[in-house]
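Asker: Could you look at this predicted model? Sequence included:
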Amino acid sequence: MAPTGNDTRIRLLLLDFDGTLADTRRANTLAYVAALGEAGYPLTGEEYAARYFGMRCEEFLTQYGITDPAERERIRRRKIALYPSFFDSVRLNRPLWEFCRQFRSQGGRVWVVSTGSRANIENVMHHLGIGGPDTPEDEAPLGCVDGILSGQDIARAKPHPDCFLEVMHREGCSPRETLIFEDSPIGIEAARRSGAGYFVVKL
């Protein structure tokens, strides 16, 4: 991970999910390929990884060429249903998560901020043993985050910084008090525009 930004007292950590907190690239790719294949749309894993990985589902399916909103929604729901079938390929970024747990134990706040769907994020987190803000402790053996902001919660997706700024607003933190962890070019650009310091994660 390569740091950038000025040193300051950090109160808030914002984590992208796919490719940052968890290596979900293969599971996401396989689920999309399967969902599109069932609907008669050819897509290879290589094409998805090279052109679409990191996009919000709606944007990805639109750019892929599916113009019917109802068809996009059917494929989105089918992808969510298929996704758990591929969870065995998901890996937690353990060094980053241990850092977050220590940060929270000292009074810091940690959020997941992702373009992905909340259902997908929560399903993967449960599989990994991590809870959301309302998860009972006995259901999250590796600990919890303080909040989740997903793609559905914000009008303008990354590379716009709106998602990060919204969480800063909710937590009463300034960009100088915030540190962002991102992996994709659009996420890194959103972090840069937010004014916060950020780390580039390479899994």
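Answerer: Arrived safely, thanks for sending.

Asker: how about residue 198, secondary structure?
Answerer: Secondary structure, DSSP: H, G, I helix; E, B strand; the rest coil: residue 198 is strand.

Asker: What is the burial count for it?
Answerer: 24 (other Cβ atoms under 10 Å). Every C-beta, even on glycine, is put in place using the N, C-alpha and C of the backbone.

Asker: So it sits against residue 181, correct?
Answerer: Yes - Residue 198 lies in contact with residue 181 (Cβ atoms under 8 Å); the separation is 7.1 Å.

Asker: if I look at residue 120, how far off is residue 131?
Answerer: Using Cβ to Cβ, to the nearest Å, residue 120 is found at 16 Å from residue 131.

Asker: er, residue 76 I mean
Answerer: Counting by Cβ to Cβ, the gap from residue 76 to residue 131 is 24 Å.

Asker: hang on, the earlier thing: more crowded one of residue 120 and residue 131?
Answerer: Per other Cβ under 10 Å, whichever of residue 120 and residue 131 has more neighbours is residue 120, with 24 against 20.

Asker: Show residues contacting the strand or helix carrying that one.
Answerer: Here residue 120 sits within helix 118-128, counting by DSSP states H and E. Helix 118-128 is contacted by residues 17, 22, 24, 27, 80, 83-84, 87, 90, 92, 112, 114, 131-132, 139, 142, 145, 148, 150, 152-153 when judged by Cβ atoms under 8 Å, 6 or more residues apart in numbering.

Asker: Quick check: ChimeraX command selecting the buried ones in the residues you listed.
Answerer: This is how ChimeraX selects the buried members of the contacts of helix 118-128, with burial counted by 16 or more other Cβ atoms under 10 Å:
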select :17,22,24,27,80,83,84,90,92,112,114,131,132,145,148,150
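
Asker: Going by residue numbers, what spans are helices in this protein?
Answerer: Using DSSP state H, the helices found in the chain span residues 25-38, 45-51, 57-64, 69-82, 94-105, 118-128, 162-171, 185-194.

Asker: and the fourth one, what's its mean pLDDT?
Answerer: The one in question is helix 69-82. Helix 69-82 shows a mean pLDDT of 94.

Asker: what angle sits between that helix and helix 57-64?
Answerer: Angle, helix 69-82 to helix 57-64, by axes from the mean of the first three to the mean of the last three Cα atoms, to 10 degrees: 120 degrees.

Asker: List the buried residues in helix 69-82.
Answerer: By neighbour count on 16+ other Cβ under 10 Å, the buried set for helix 69-82 is 72, 75-76, 78-80, 82.
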